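> Can you look at this prediction? I've put the sequence above it.
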Amino acid sequence: MLTSADYRTVGLFPSFRSPESGHQSCRRGGKPHLCILFAALAAIVLSHPIAAAPTKKVRRILILNEVGASYPATNIINEGIQTALHDSPYQLEFYSEYLDSVLFPDPAAQKEFRAFYLRKYRNRKPDVIITVGPSPLKFMLEVHQRAFPGVPIVFCLPHGTVRGSPKLDSDFTGVENDMAPTETLEIALRLQPGTKHVVVVGGVSDFDKQGQAAVLQHLKDFANRLDIMYLRDLAMPDLLERLRQLPTHTVVLLVSVGQDAAGTRFKSNEAGLMVADAANAPVFGLFDVFLNHGEVGGYLSSLSEQGRVAGGMALRMLNGEKPKDIPRVRGVTAYMFDWRALQRWGFKESALPPGSIVLNRRLTVWESYKWYFIGGISLILVETLLIFGLVWQSARRREVETQLANSYEAVRESEIRFRLVANTAPVLIWMSGPDKLCNYFNQPWLDFTGRSLEAELGNGWSEGVHPEDLKNCLDIYTRAFDLRESFKMQYRLRRHDGEYRWVLDTGVPRLNLDGSFSGYIGSCMDITDHKLAEEALAGVGRKLIEAHEEERTWIARELHDDINQRIALLAVELDQWVQRLSNSGVEITDHVHSVRQSLSDLGRDIQALSHRLHSSKLDYLGLAVAASGFCKELSQQHQVEIEFIHAGISNSLPKDVSLCLFRALQEALQNAVKHSGVRHFKVELNGSLGEIRLSVSDSGVGFEQQNVLNRRGLGLISMRERLQLVGGEFSIESKPGCGTTISARVPLEAQAYRATAAG
């Protein structure tokens, strides 16, 4: 049942008044029946509890401790366990029990404790059991299967490294108390290099003895170089007296003293404090609980971290994981030291391992007040800098004003000179800003186009570009502008008389004094006469090549139709003479046979020469067939292997394109056979909708390209000029010892022969 305060909290009532105040309110409102209705509703609401939030599932956790809560180690580990389980999705019920093996070591007493706990939890089985110490773990090993079958066990603070430790089944996992006496002793020897004696201090309780057994096992490797003595079967007064009379060059290793030989029991912090105060040598420990009592420290096992790890494992088991799937953690240790003990024994902090934790460090005056010092000095420096800055700024301002005035005059004078030079230059000059729009044209440009400056500014100049050249012109300009690169392009520009003239436009980016981009500046030259001369020269070259081809065709036909036929008739006549002279003597017959064979070879050579001069296959069967036939003839003639590959070659190619590529193939392949030094060559001829590509390659001796280009042989010049006539490209790739590849490309577009813009 919720109280009125609860209802105020959840917002059901705006306030709660006494009956008197309520009557006063009703009287003020003038409607007593509303007050009666309000009171009735309140009674109904108060008589029914508000629906509670969904309850969490209950989970029980039993923590079985070695010693009671009066021991600091027990509280530290339990706090770590509960910290790890703090955010669990369950409603947890913690049950903490204590075997008190130190206070009640008698086996009969321990048996009674264990029997009591078995009866206590017979009908209230926990979901997870956490054991803290070796005795609880041993107890669970003995009774687990019959008393708590299937309940997962998480162990914490056992001496897992002692020889003869019990074997654990799949229902057990946890944190092994992997003490690190070896690492602690090594850091002690580093801090006190002349150490000769090691005194191990411990008690006589079961927990003390198990810890000493683990230390004895770890320190075997030091027995040959150090004098190791164990002080354990002594009453505390005798132990302290022995510690006061230790020889020089000694370190003390404190394990644990839960009970001395006289039966007196001690808590860990009590024994540590007495040992550290009495010893005339530095005391190193194995657990972080010993710190802050005069011990130097060491590679310490963290009890709090062990508790957190064990609690995390328990939470995973509550969430459904099996113990066998949760790997055990061996040791949660760290290098920890007490700064006061380091100072007492004169140990240097720089000798500690990297990442060591140093507690109780006393701050120096600088460390305590350094931020005040830094802040004060910084404030003084800032104020000083501000004063100097104001003075400098004032002087600088006057200087800048003077420079600006001088710069303005210089810029104005420079602009006047530029405009004077630009307007008298024999070229067309333009300028554009960073927005790609033109903002200046010189007078020769305006005279050439016959338009006003206002009409040309911005993109107005493009109105004078020939429609066929406009797109390519703008593409080159835009691409170069975006990349901030120089460019060159050719296009036709309308002159004031309406005639389109070819111009070569060159543009370069402009930069400000600070390096920022400010646009482009360019100049145009009329190259119409040069273009006409090139076209005329190309026409002459074409006519020369056509005449050359006609002459080659005539010679080829004469060789094939006349001379080759006459040689064939001579061979027939010789055959007849052989028949007539068959009885005249073997010597004459052999001679005639030899002459006939020479004539036949001569006929074949003339026929091959005729085909090279003019291929009838090229005219009637197309480029691919003619090229294949030539490769076979050359292969048979020179006894070499030529691999010919072709694809996408149409039989209806223009005659000049087919002839150009065929001549390039002849020249390239004959040069390769003659000079490469190899007997295998590869020819590739590939066509597409836009172009045809030819390549002739070998893996021969190769050559230096520059030397060949400088010599400019007739064959190279012929191939290049033929390809230029059909708008094609020619290239050579070669290196000494790496072979040679000669490539040719001919575009098939309708405008392939037009002069194009060059970027």
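Okay, I see it.
> Quick test: name the residue nearest the centre of the protein.
Central residue of the chain (C-alpha atoms, centre = their mean): residue 483, 27.9 Å from the mean position.
> Next one: that one relative to residue 130, how far apart?
71 Å (C-beta to C-beta, to the nearest Å). Placement of C-beta: from N, CA and C, glycine included.
> cool, residue 83 as well?
Going from residue 83 to residue 130 by C-beta to C-beta gives 13 Å.
> just residue 223 next, same as before
Going from residue 223 to residue 130 by C-beta to C-beta gives 37 Å.
> before we move on, back to that, quick one: residues contacting the residue nearest to the centre of the chain.
Residues in contact with residue 483 (C-beta atoms under 8 Å, 6 or more residues apart in numbering): none are found.
> what about it, distance to residue 509?
For residue 483, the distance to residue 509 - C-beta to C-beta - is 9 Å.
> now do residue 703
To residue 509, residue 703 is 40 Å away according to C-beta to C-beta.
> Residue 208 now?
Taken as C-beta to C-beta, the span from residue 208 to residue 509 is 86 Å.
> cool, and residue 59?
In terms of C-beta to C-beta, residue 59 sits 75 Å off from residue 509.
> Measure how buried residue 158 is and give me the count.
25 (other C-beta atoms under 10 Å).
> Next, the residue nearest to the centre of the chain: phi, psi?
Torsion angles at residue 483 (phi, psi; degrees, to the nearest 10) stand at phi -90, psi 0.
> okay, stretch 738-748 in CSV with CA atoms only?
Provided in CSV are the C-alpha atoms of stretch 738-748 (Å, rounded to 0.1, in the frame of the first residue of the first chain):
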residue,chain,number,x,y,z
CYS,A,738,64.1,-7.2,-73.9
GLY,A,739,62.6,-7.5,-77.4
THR,A,740,60.7,-5.0,-79.5
THR,A,741,57.0,-4.2,-80.1
ILE,A,742,55.9,-2.0,-83.0
SER,A,743,52.3,-0.8,-82.7
ALA,A,744,50.0,1.1,-85.0
ARG,A,745,46.5,2.4,-84.4
VAL,A,746,44.1,3.8,-87.0
PRO,A,747,40.8,5.5,-86.0
LEU,A,748,37.7,4.8,-88.1
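> So for that stretch, mean pLDDT?
Summarised as a single mean, pLDDT over stretch 738-748 is 89.
> now do stretch 638-652
Per-region confidence: stretch 638-652 scores 88 on mean pLDDT.
> now do the same end-to-end measure for that stretch.
End-to-end distance for stretch 638-652: 31 Å, by C-alpha to C-alpha, to the nearest Å.
> quick one: buried residues of it?
Using 16 or more other C-beta atoms under 10 Å as the test for burial, stretch 638-652 gives 640, 642, 644, 646, 649.
> pretty sure the fourth one contacts residue 624?
So that's residue 646. Yes - Residue 646 lies in contact with residue 624 (C-beta atoms under 8 Å); the separation is 4.8 Å.
> who touches both of these two?
Counting by C-beta under 8 Å, 6+ apart, the contacts common to residue 646 and residue 624 are residue 685.
> what sits against residue 668?
696, 719, 742.
> Need the three-state assignment for it.
Judged by DSSP: H, G, I helix; E, B strand; the rest coil, the three-state class of residue 668 is helix.
> Roughly how far does it sit from residue 680?
Distance, residue 668 to residue 680, by C-beta to C-beta: 15 Å.
> What is the longest strand anywhere in the chain packed up against?
The residue-count maximum for a strand in the chain (DSSP state E) belongs to strand 500-511. Counting contacts by 3 or more C-beta pairs under 8 Å, 6 or more residues apart in numbering; DSSP states H and E, strand 500-511 is packed against helix 467-483, strand 487-494, strand 517-526, helix 528-558.
> Which elements pack onto the third one?
For strand 517-526, the packing partners by 3+ C-beta pairs under 8 Å, 6+ apart come out as strand 428-432, strand 500-511.
> and residue 228, which of those strands is closest to it?
With C-beta to C-beta as the measure, strand 500-511 is the member of the helices and strands packed on strand 517-526 nearest residue 228 (80.4 Å).
> residues making contact with that closest one?
For strand 500-511, the external contacting residues (C-beta under 8 Å, 6+ apart) are 428, 431, 466, 473, 477, 480, 484-495, 517-528, 530-531, 755.
> ok, now how distant is residue 496 from residue 668?
Separation of residue 496 from residue 668 (C-beta to C-beta): 50 Å.
> Then residue 296?
The gap separating residue 296 from residue 668 is 88 Å, by C-beta to C-beta.
> just residue 240 next, same as before
Taken as C-beta to C-beta, the span from residue 240 to residue 668 is 105 Å.
> for residue 168, same thing?
Distance of residue 168 to residue 668, given as C-beta to C-beta: 84 Å.
> Over to residue 633?
16 Å.
> Any chance of JSON lines for the buried residues of stretch 638-652, columns distance to residue 219 and secondary structure?
Output for those, formatted as JSON lines (distance: C-beta to C-beta, whole Å; DSSP: H, G, I helix; E, B strand; the rest coil):
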{"residue": "640", "distance to residue 219": "85", "secondary structure": "coil"}
{"residue": "642", "distance to residue 219": "85", "secondary structure": "strand"}
{"residue": "644", "distance to residue 219": "86", "secondary structure": "strand"}
{"residue": "646", "distance to residue 219": "86", "secondary structure": "strand"}
{"residue": "649", "distance to residue 219": "90", "secondary structure": "coil"}
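> and which of these is nearest residue 366?
residue 646 (86.9 Å).
> Just give the closest residue to the closest one, not the sequence neighbours.
Using C-beta to C-beta, 6 or more residues apart in numbering and skipping residues adjacent in sequence, the residue nearest residue 646 is residue 685, 4.2 Å away.
> Next, that neighbour: phi, psi?
According to degrees, to the nearest 10, residue 685 has phi -130, psi 110.
> What's opposite it in the beta bridge?
residue 646, residue 694 (DSSP bridges).
> Quick check: it touching residue 649?
Yes - here residue 685 lies in contact with residue 649, judged by C-beta under 8 Å, at a distance of 5.9 Å.
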